[in-house]
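Participant: okay, sequence plus prediction incoming.
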Amino acid sequence: MKTRHTRVTPGDVVLLVGTTKGLFLLRASAPRRRWDLGGPYHAGNAVYAAALDARAGRRRLWAGVASMHWGAVLARSDDWGRTWDEPAEANVRFPADSGLSLKQVWQITPGRPEEPDRLFAGVEPAALFESTDAGATWAPVKGLLDHPHRERWTPGGGGLCLHTIVPDPTNRERMWIAISTGGV
């Protein structure tokens with residue numbers, strides 16, 4: 001299947017749609033009378049999370065791509081999907097001594113505007129990863145990874161995933177995260 005690209009211009013509305021068959025990009029001018037479709041990007045691979053990072057003049061797309069052969073990775077594009085930087089190996093991974101293995105990236109959230117190089121990723125099994133170098137490297141947030149109740153967390157029907165990340169807009173030291181069957 002040939003990938004179709006759409007041209008995004010300043011002021012357009014952009015919608016990213018992750019599916020089990022890849023990522024799609026929909027764009028429309030501000031009145032939203034007509035939508036153009038781009039994709040599929042990462043055809044044949046599930047994309048469970050996608051985000052646009054428009055901080056610091058970037059127009060970077062992020063996709064949590066799941067491959068049955070290569071596992072889950074975070075891929076990025078700086079040209080609205082025409083080219084993708086896909087790592088050769090997992091760029092989000094648990095420490096070897098944790099006994100955990102990444103199954104899926106469920107959420108990608110850019111940090112606050114005043115922290116243009118900070119990103120967060122919520123994964124399965126439930127953990128929060130952080131990048132402070134615009135996504136070049138990722139590390140688990142130890143406070144959650146080493147949480148004393150972690151052993152008692154029980155997965156729901158969809159697995160034990162961290163699926164929502166919301167930085168507090170009024171307090172830089174706080175964010176809300178949601179874990180399936182674990183609460184907020």
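Facilitator: Nice, I can see it.
Participant: just the pLDDT for the residue in the chain sticking out farthest from the centre.
Facilitator: The centre of the chain is farthest from one residue, residue 33, which by Cα atoms, centre = their mean lies 28.5 Å away. On pLDDT, residue 33 comes in at 90.
Participant: residue 106: which element?
Facilitator: If you go by DSSP states H and E, residue 106 is part of strand 104-110.
Participant: contacts for that strand next, please.
Facilitator: Under the contact criterion Cβ atoms under 8 Å, 6 or more residues apart in numbering, strand 104-110 has outside partners 48-51, 53-55, 62, 64-66, 72-74, 92, 118-124, 159, 161-167. In short, each C-beta sits where N, CA and C put it, glycine included.
Participant: so what strands line up beside that strand?
Facilitator: In its sheet, strand 104-110 lies beside strand 119-124 (antiparallel), with partners assigned from DSSP bridges.
Participant: contact partners for residue 180?
Facilitator: 126, 155-156, 158-161, 163.
Participant: before we move on, the earlier item: hmm, which of the contacts of strand 104-110 are the buried ones?
Facilitator: 48-51, 53, 55, 62, 64-66, 72-74, 92, 118-124, 161-163, 165, 167 (16 or more other Cβ atoms under 10 Å).
Participant: hang on, the earlier thing: and the contacts of residue 180 as JSON lines, adding pLDDT, secondary structure and distance to residue 183?
Facilitator: Formatted as JSON lines, the contacts of residue 180 follow (pLDDT from 0 to 100; DSSP: H, G, I helix; E, B strand; the rest coil; distance: Cβ to Cβ, whole Å):
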{"residue": "126", "pLDDT": "92", "secondary structure": "coil", "distance to residue 183": "11"}
{"residue": "155", "pLDDT": "81", "secondary structure": "coil", "distance to residue 183": "14"}
{"residue": "156", "pLDDT": "75", "secondary structure": "strand", "distance to residue 183": "11"}
{"residue": "158", "pLDDT": "73", "secondary structure": "coil", "distance to residue 183": "15"}
{"residue": "159", "pLDDT": "79", "secondary structure": "strand", "distance to residue 183": "16"}
{"residue": "160", "pLDDT": "87", "secondary structure": "coil", "distance to residue 183": "12"}
{"residue": "161", "pLDDT": "89", "secondary structure": "coil", "distance to residue 183": "13"}
{"residue": "163", "pLDDT": "92", "secondary structure": "strand", "distance to residue 183": "12"}
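Participant: for the protein, which segments count as strands?
Facilitator: 13-19, 22-28, 36-41, 46-53, 60-67, 71-77, 104-110, 119-124, 127-131, 139-140, 162-167, 175-179 (DSSP state E).
Participant: pull out the buried positions in the second one.
Facilitator: Residues of strand 22-28 classed as buried by neighbour count (16+ other Cβ under 10 Å): 22-27.
Participant: fine by me, thanks again.
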